[in-house]
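1. fold the following, please.
(one chain, ligands or ions: 2)
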Amino acid sequence: MSSTLVNPPSPPPQPTAEPPTAVPPTAVPPKPLTSGAQGPLILFALWAFVTIPFVALVAAVPVAWGWGLNGLDIAVAATMYIFSGIGIGTGFHRYLTHGSFKAHRWLRILLTVAGTTAIEGSPIQWVADHRRHHAFSDREGDPHSPWRYGTGVWGLTKGLCYAHVGWLFRRQLTNQERFAPDLLADRDIRRIDRLFPVILTASVFLPAAFCGLVAGSWSAALTGLFWAGLVRIALLHHVTWSINSICHVYGERPFETRDGDRASNFWPLALLSFGESWHNSHHAEPTLARHGVDPGQIDINARLIWAFERFGWAWDVRWPSRERLDAKRRPTPRQPAHAGTMSQ
Ligand SMILES: [Zn+2]
Ligand SMILES: [Zn+2]
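-> Ligands and ions are numbered 1, 2, ... in the order given. The predicted structure is shown next:
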């Protein structure tokens with residue numbers, strides 16, 4: 001499978017418009033999209049958490065070469081990566097944002113805490129941003145479209161950087177009251193949301209403490225902090241952000257999506273993202289519990305939700321319907337009769 005640059009959007013991003021489900025004219029006007037700028041402290045913390053783990057990631061190779069990497073570091077870092085990554089994909093995304101399944105309260109809380117350890121923002125803000133992304137995908141109002149600066153090379157380069165990370169720094173916060181009123185009404189979720197700084201600190205330092213205690217040394221704590229804390233966070237950040245940037249520009253688009261929506265399936269990230277990079281299928285049918293809907297598409301989040309269902313921890317799971325998907329499948333371009341001598 002190749003990663004090809006998809007054609008530029010046609011027509012170009014439309015002016016601001018509510019989705020077809022907008023309220024009728026007689027109803028109360030919708031709440032505003034945003035609710036004010038981020039405070040300076042949040043902005044400072046954001047810079048710190050974007051740049052420090054990334055610098056750590058760049059420094060990782062020479063550090064490993066020298067003195068500080070062993071089996072314990074790898075095991076704890078991998079465990080934490082899976083915990084945080086599942087928390088984002090299964091928890092924040094498929095469960096809290098899209099309601100792909102229902103779950104026992106303990107699982108709801110566990111998934112929300114797990115997603116919070118990824119340090120991608122508090123759960124309610126994350127969900128509000130992502131619902132807004134679906135409401136305005138690649139149109140004005142989308143918080144992180146790579147197409148916002150146009151379809152030229154420079155515009156797209158700038159747009160990819162913006163969609164990947166830039167949007168976090170130059171934005172009005174998505175209005176939680178408009179996009180996540182269900183979560184604001186949930187006392188447990190609000191409590192976890194408020195505990196974001198505590199969970200953030202634990203996510204960075206607990207793996208380090210664990211490594212230090214198991215190996216009985218300060219140097220083990222330090223390498224644990226580096227690998228299971230900083231490098232793990234950086235890697236998951238960039239994988240998640242790539243869904244916003246790469247998966248709206250490169251890859252396959254087997255399904256029809258709404259006008260202007262450029263979501264694409266990008267197979268190289270399927271494993272590291274636990275199935276989140278089947279992004280075209282996801283935008284075509286956003287509430288499905290499975291994003292890798294075609295044969296051979298690895299989707300670990302879907303497999304986990306399947307296990308939850310088998311154990312009786314989750315129910316009302318929205319599994320794909322073949323007929324619905326086929327109705328949205330784009331026709332495969334027919335090969336010209338004399339084309340393609342490369343494979344002979
Ligand atoms: Zn998207
Ligand atoms: Zn989504």
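2. could you say which helix or strand holds A220?
-> According to DSSP states H and E, A220 maps onto helix 218-224.
3. export that helix as PDB, just CAs?
-> Extracted in PDB, the C-alpha atoms of helix 218-224 (Å, rounded to 0.1, in the frame of the first residue of the first chain):
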ATOM      1  CA  TRP A 218      18.500   6.400  41.800                       C
ATOM      2  CA  SER A 219      20.000   5.900  38.300                       C
ATOM      3  CA  ALA A 220      17.200   3.400  37.500                       C
ATOM      4  CA  ALA A 221      14.600   6.000  38.600                       C
ATOM      5  CA  LEU A 222      16.300   8.500  36.300                       C
ATOM      6  CA  THR A 223      16.300   6.200  33.200                       C
ATOM      7  CA  GLY A 224      12.700   5.300  34.100                       C
END
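4. just the buried residues of that helix, please?
-> Using 16 or more other Cβ atoms under 10 Å as the burial criterion, the residues of helix 218-224 that qualify are 220-221, 223-224. For every residue, glycine as well, the C-beta is placed using N, CA and C.
5. what sits up against that helix?
-> 68-70, 72-73, 76, 207-212, 214 (Cβ atoms under 8 Å, 6 or more residues apart in numbering).
6. now, the most widely separated pair of those?
-> L69 and A209 (18.3 Å; Cβ to Cβ).
7. same drill for the two, tell me which one is more crowded.
-> The residue with more neighbours, out of L69 and A209, is L69; 18 against 13, by other Cβ atoms under 10 Å.
8. any idea how far S122 is from that one?
-> 32 Å (Cβ to Cβ, to the nearest Å).
9. next: R148.
-> R148 is 25 Å from S122, by Cβ to Cβ.
10. out of the two, which sits in the busier spot?
-> Legend: neighbour count by other Cβ under 10 Å for R148 and S122, higher for S122 (23 against 20).
11. so who does the more buried one touch?
-> 116, 193, 196.
12. and R258, by the same measure?
-> Shown in contact with R258 (Cβ under 8 Å, 6+ apart): 137, 283.
13. save the buried residues of helix 218-224 as a markdown table, and put in distance to L200 and pLDDT too.
-> Shown next, in a markdown table, are those (distance: Cβ to Cβ, whole Å; pLDDT from 0 to 100):
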| residue | distance to L200 | pLDDT |
| --- | --- | --- |
| A220 | 22 | 91 |
| A221 | 18 | 95 |
| T223 | 21 | 90 |
| G224 | 17 | 93 |
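14. any chance of those residues in JSON lines, plus distance to T112?
-> Shown next, in JSON lines, are these (distance: Cβ to Cβ, whole Å):
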{"residue": "A220", "distance to T112": "30"}
{"residue": "A221", "distance to T112": "28"}
{"residue": "T223", "distance to T112": "30"}
{"residue": "G224", "distance to T112": "25"}
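15. number of residues surrounding A327?
-> 10.
16. now do it against G251, distance only.
-> Separation of A327 from G251 (Cβ to Cβ): 22 Å.
17. related to what we said a few turns ago, neighbour-wise, which of the contacts of helix 218-224 leads?
-> C211 leads the contacts of helix 218-224 on contacts (other Cβ under 10 Å) with 27 neighbours.
18. got phi/psi on that residue?
-> The phi/psi pair for C211 (degrees, to the nearest 10) reads phi -60, psi -40.
19. mind listing the strands for the stretch 101-250 of the chain?
-> 102-103, 172-174 (DSSP state E, counting those that start in this stretch).
20. spatially central residue in this structure, please.
-> Nearest to the mean C-alpha position of the chain, by Cα atoms, centre = their mean, lies T240 at 4.3 Å.
21. closest to H283 out of the contacts of S122?
-> T116 (24.9 Å).
22. for L168, see how far away the closest residue to that closest one other than its chain neighbours is.
-> Nearest residue to T116, sequence neighbours excluded (Cβ to Cβ, 6 or more residues apart in numbering): I199, at 4.5 Å. Going from I199 to L168 by Cβ to Cβ gives 19 Å.
23. one more: H134?
-> In this view, H134 and L168 are 18 Å apart by Cβ to Cβ.
24. what does P268 give?
-> Distance, P268 to L168, using Cβ to Cβ: 24 Å.
25. ok, these two, which is more surrounded?
-> Neighbours were counted for P268 and for L168 using other Cβ under 10 Å; L168 has more, 20 against 14.
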